[in-house]
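**Student:** When you get a sec, could you give me coordinates for this:
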Amino acid sequence: MTGSLALTVALAVLIGVSLGLLGGGGSILAVPLLVYVADLPAREAIATSLLVVGVTSAVGALPHARAGRVRWRTGLLFGAAGMAGAYGGGRLAAFVPAAVLLTGFALMMLATATAMLRGRRDGPGRQRRELPVARVLLDGVVVGLVTGLVGAGGGFLVVPALALLGGLPMPVAVGTSLVVIAMKSFAGLAGYLSTVAIDWGLAAAVTGAAVLGSLAGGRLAGQVPEDVLRRAFGWFVAAMGVFVLAQQLPEDLRADPLLWTVATTTVAVAVVVAGVRRIRRRLPPPPASSDSNTTGKRQDSM
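**Tutor:** Below is the predicted model:
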């Protein structure tokens, strides 16, 4: 048990780094860690993850706030609406089969990753405006509803919602997302505490390690270029989405090496294609041909 506790605490640092750097991924990492490494029952693992992610997000938001990377009005409104949506989603989850929930969760992650990797098509002027209150509340309720259904903290949806729909710069979306996640995590934890007992010693150890990781991730977030940060988040969510989707396959298919070979090859090809496209976009445009210059001069002379 001592070895598993040490490994759990060590890996918990990654939860904090993910939250501090990317503004999401905490619950996606925490629940499997607590279930498969710490050997907690699923409901206890979810409740403990909400505590860990809530505290870690609140502390991780501090360096972002000091650096001016938190949009407080948007974050508080989005978080309040998300709490209401998460409550409704949690109530609806009792009527939806677990396999359906997790499959929808994985597909939404893949769609989110695609949107993040493509990025915004808008100009930089869109990044400065405040979102209308109605839009913030609507987006918050929808994201909260989805995250309440699938039992995750929601950073993987909050960051894209703020960055793509809200037009916030990626570092600001990350910092604001931490405020939203903290609010929703504490609300979810309050609902679980009436029916689930938490191992407070384990929770404190994991939370402490995650907090240290979040502070390190928050420092890194201010030094990583926005485009790199957005793409890292996109690939991270894509990888986790593929993993969750694979877990829903029948056991005989999951054990088939051919399936994993095809999946690995597909991911590798996607990475190469994305890299080639990025390089092409950065190449300077080809110079105008001499024929076109000559034609232009002839037209001018006429």
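
**Student:** buried set for stretch 65-83?
**Tutor:** Neighbour-count burial for stretch 65-83, with 16 or more other CB atoms under 10 Å as criterion, is recorded at 65, 69-71, 74-83. From N, CA and C alone the C-beta is placed, and that goes for glycine too.

**Student:** Adding distance to V96 and secondary structure, write those residues out as JSON lines.
**Tutor:** Listed next are the buried residues of stretch 65-83 as JSON lines, based on distance: CB to CB, whole Å; DSSP: H, G, I helix; E, B strand; the rest coil:
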{"residue": "A65", "distance to V96": "37", "secondary structure": "helix"}
{"residue": "R69", "distance to V96": "36", "secondary structure": "coil"}
{"residue": "V70", "distance to V96": "34", "secondary structure": "coil"}
{"residue": "R71", "distance to V96": "33", "secondary structure": "coil"}
{"residue": "T74", "distance to V96": "30", "secondary structure": "helix"}
{"residue": "G75", "distance to V96": "29", "secondary structure": "helix"}
{"residue": "L76", "distance to V96": "30", "secondary structure": "helix"}
{"residue": "L77", "distance to V96": "28", "secondary structure": "helix"}
{"residue": "F78", "distance to V96": "24", "secondary structure": "helix"}
{"residue": "G79", "distance to V96": "24", "secondary structure": "helix"}
{"residue": "A80", "distance to V96": "25", "secondary structure": "helix"}
{"residue": "A81", "distance to V96": "22", "secondary structure": "helix"}
{"residue": "G82", "distance to V96": "19", "secondary structure": "helix"}
{"residue": "M83", "distance to V96": "20", "secondary structure": "helix"}
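
**Student:** Out of those residues, which two are the most distant from each other?
**Tutor:** Maximum pairwise distance among the buried residues of stretch 65-83 (CB to CB): 22.4 Å, between R69 and M83.

**Student:** What number of residues are in the vicinity of L137?
**Tutor:** Counted with other CB atoms under 10 Å, the burial measure for L137 works out to 18 neighbours.

**Student:** wait, doesn't L229 sit right on G175?
**Tutor:** No - counting by CB atoms under 8 Å, L229 stays clear of G175, with 11.5 Å between them.

**Student:** Neighbour count: those two, which is higher?
**Tutor:** Using other CB under 10 Å as the criterion, L229 and G175 rank with G175 on top: 31 against 24.

**Student:** Now that one: closest residue in space that isn't a chain neighbour?
**Tutor:** Leaving aside its sequence neighbours, G175 sits nearest to H64 (CB to CB, 6 or more residues apart in numbering; 3.0 Å).

**Student:** ok, and for the helix or strand encompassing the one you found, which residues are buried?
**Tutor:** In the assignment (DSSP states H and E), H64 maps to helix 42-66. Judged by neighbour count using 16+ other CB under 10 Å, the buried positions of helix 42-66 are 44-65.

**Student:** Run through the neighbouring helices and strands of the helix or strand harbouring S4.
**Tutor:** Assignment of secondary structure by DSSP H and E places S4 within helix 2-22. Packing contacts for helix 2-22, counted by 3 or more CB pairs under 8 Å, 6 or more residues apart in numbering; DSSP states H and E, involve helix 26-32, helix 42-66, helix 155-160, helix 170-192, helix 200-221, helix 226-247.
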